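Sequence plus the predicted model coming up.
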Amino acid sequence: MLNFFHDTRYAWRQLRKNPGFALTAIVILGLGIGATTAIFSAVNPILFEPLPYPQANRIMMIWYGGDDGVRIPQTFHTYRELAERNRAFESMAVMQPWQPALTGAAQPERLDGQQVSAGYFRTLGVAPAMGRDFLAADDLPHGPRVVILSHSSWRAHFGGDRAILGSAVKLNDDNYTVVGVMPSSFNNVLAPPAEFWTPLQYDSGNIVSQQTREWGHHLRMVGRMRADVSVAQAKGDLQQIARTRVADFPRPPWASMEKGMVVNTLRDDIASGVKPALLAVLGAVILVLLIACVNVTNLLLARGAQRRGEFAMRADDRAGGAESSGAAASGCDSAGWDCACVCVRDYGGCRNRAGDDSGATCFARRFADGSATEFHANGGWPAVDAAYLGGRGSGNCAGVVGKRGIAAAQLVETLFD
């Protein structure tokens, strides 16, 4: 810990002494890290973060298979057949966009919503925070007009009034009874703008007539697998149903399921259109960060080349420290610390003013070993005489230590700055 604080203090002194170098390194790293952080923040919720549903890895999107695996929306009767015949899913649901106009005392407003089958929220694993979910009886032809509100819509359009449950709101000039309000944490990834949900109310019994909306390819289908079923088993179950016809579920030519089903996890299905582009952008910013790191490394190498003499002096001192430790230690406790010429061992006959070089040797080694704090306790920093450090005016240092003595002096000047 002592070395850590010493190194931190030393690094701070170096940054203050070289503000241009410090500012350049900070700007380069800041741009690289900032760009990477910004892009990762956008990519992370789509590609890496878990979806906001319980056991989201069990939620699958199920499409009618087209040529070359093209995803085609489902028909209502295909959904009914898959929902009743499968053994791999605990619930399934279908949905389509809905844009009702909210009318009343205020100005009419067009809003986004969804028409869904009764099991939609149960398939996602989310329940209303207030009121109830849709019932099977709500999802029948000519059934009751009921609606569930998003939390944001409840607050924005109805002032967060809890008495709204059981009340009627006018949508498309029809009265709908509010039966529930979704929690504020609910994130509808299948239709993010949706604020209202109402049952589909398709006719499940009208399967013979092929010229009805129930046979149109316009519904998106989602299912939740059973806990003991793997993705491969779920896909195999649906493909088996597609290959095997039964009399109870006749199929017209455009809904024959000859090419099987396209089954993906919800995450893969949502990200399928943008995943390659997002990965390419993420890779590009990571490359920018690496370039920034290389540039800062080059700056550090250039800075290190300027201080080559200092590093060489330190390495030489540590290499020879072991063989002189016994001789120097005997004089460390008794020698005077008023050393005017501070240098490392063997760089000339550097002597203190008492004429003994043991104090100078001990100080240099202690300083190289990071024991500056201990030396403070033994009497504080020595008074450094610039004339002696520069090799001028001292018979003990001038003409003896030469370039190495000057390098040592530069080291001391740097560390005392």
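Nice, thanks for sending it over.

For residue 111, give its distance to residue 45.
In this view, residue 111 and residue 45 are 25 Å apart by C-beta to C-beta, to the nearest Å. For glycine as for every other residue, the C-beta is placed from the backbone atoms N, C-alpha and C.

Neighbour count for these two, which is higher?
Neighbour tally, residue 111 and residue 45, criterion other C-beta atoms under 10 Å: the higher count belongs to residue 111, 17 against 13.

Phi first, then psi, for that one.
Backbone torsions of residue 111, given as degrees, to the nearest 10, read phi -120, psi 160.

what do you get for the one 3 residues further on?
Per-residue torsions, residue 114: phi -140, psi 140 (degrees, to the nearest 10).

Let me know the average pLDDT across stretch 181-190.
Per-residue pLDDT over stretch 181-190 has a mean of 93.

How far does that stretch stretch from one end to the other?
Using C-alpha to C-alpha, to the nearest Å, one end of stretch 181-190 lies 18 Å from the other.

Which positions in that stretch come out as buried?
Across stretch 181-190, burial judged by 16 or more other C-beta atoms under 10 Å covers 181-182, 186, 188-190.

same thing with stretch 250-270?
Neighbour-count burial for stretch 250-270 [16+ other C-beta under 10 Å]: 251, 255, 257, 260-267, 269-270.

Now the host helix or strand of residue 82: average pLDDT?
Assessed by DSSP states H and E, residue 82 sits inside helix 76-85. Averaging pLDDT along helix 76-85 yields 94.

again with stretch 289-302
The average pLDDT within stretch 289-302 is 87.

just stretch 200-215 next, same as before
Averaged over stretch 200-215, pLDDT sits at 87.

what comes into contact with that stretch?
Stretch 200-215 is contacted from outside by 75-77, 80, 94-96, 115-117, 138-143, 249-250, 252, 254-255, using C-beta atoms under 8 Å, 6 or more residues apart in numbering.

Report the separation between the two terminal residues of it.
Terminal-residue distance, stretch 200-215 (C-alpha to C-alpha): 14 Å.

Just the buried residues of the helix holding residue 82, please?
By neighbour count with 16+ other C-beta under 10 Å, helix 76-85 contains the buried residues 76-83.

cool, stretch 205-212 as well?
By neighbour count on 16+ other C-beta under 10 Å, the buried set for stretch 205-212 is residue 207.

Tell me what the nearest residue to residue 120 once chain neighbours are set aside is bridged to.
Spatial nearest neighbour of residue 120, excluding adjacent residues (C-beta to C-beta, 6 or more residues apart in numbering): residue 93 at 4.1 Å. Taking DSSP bridges as the rule, residue 93 bridges to residue 222.

What is the burial count for residue 93?
Per other C-beta under 10 Å, the neighbour tally for residue 93 reads 25.

quick one: it and residue 123 touch, right?
Yes - Residue 93 sits in contact with residue 123 when judged by C-beta atoms under 8 Å, with a separation of 4.5 Å.

Now the common contact residues for the two.
What both residue 93 and residue 123 touch, as defined by C-beta under 8 Å, 6+ apart, is the set 222-223.

how about the helix or strand containing residue 16: buried residues?
Element membership for residue 16, per DSSP H and E: helix 2-17. Residues of helix 2-17 classed as buried: residue 14 (neighbour count, 16+ other C-beta under 10 Å).

Report all helices and strands that it contacts.
Counting by 3 or more C-beta pairs under 8 Å, 6 or more residues apart in numbering; DSSP states H and E, the packing neighbours recorded for helix 2-17 are helix 372-377, helix 402-415.

and the helix ranked longest in the chain with helix 2-17, angle?
In the chain, assigned by DSSP state H, the helix with the most residues is helix 275-306. Calculated by axes from the mean of the first three to the mean of the last three C-alpha atoms, to 10 degrees, helix 275-306 forms an angle of 90 degrees with helix 2-17.

quick one: buried residues of helix 275-306?
Buried residues in helix 275-306, counted by 16+ other C-beta under 10 Å: 278, 282, 285, 288-289, 292, 296.

Now intersect the contacts of stretch 200-215 with the strands, please.
Among the contacts of stretch 200-215, the ones falling in strands (DSSP state E) are 94-96, 115-116.

Closest to residue 219 out of those residues?
Within the ones in strands among the contacts of stretch 200-215, the smallest distance to residue 219 is 4.1 Å, found for residue 94 (C-beta to C-beta).

For burial, what's the neighbour tally of the closest one?
When neighbours are defined as other C-beta under 10 Å, residue 94 has 28 of them.
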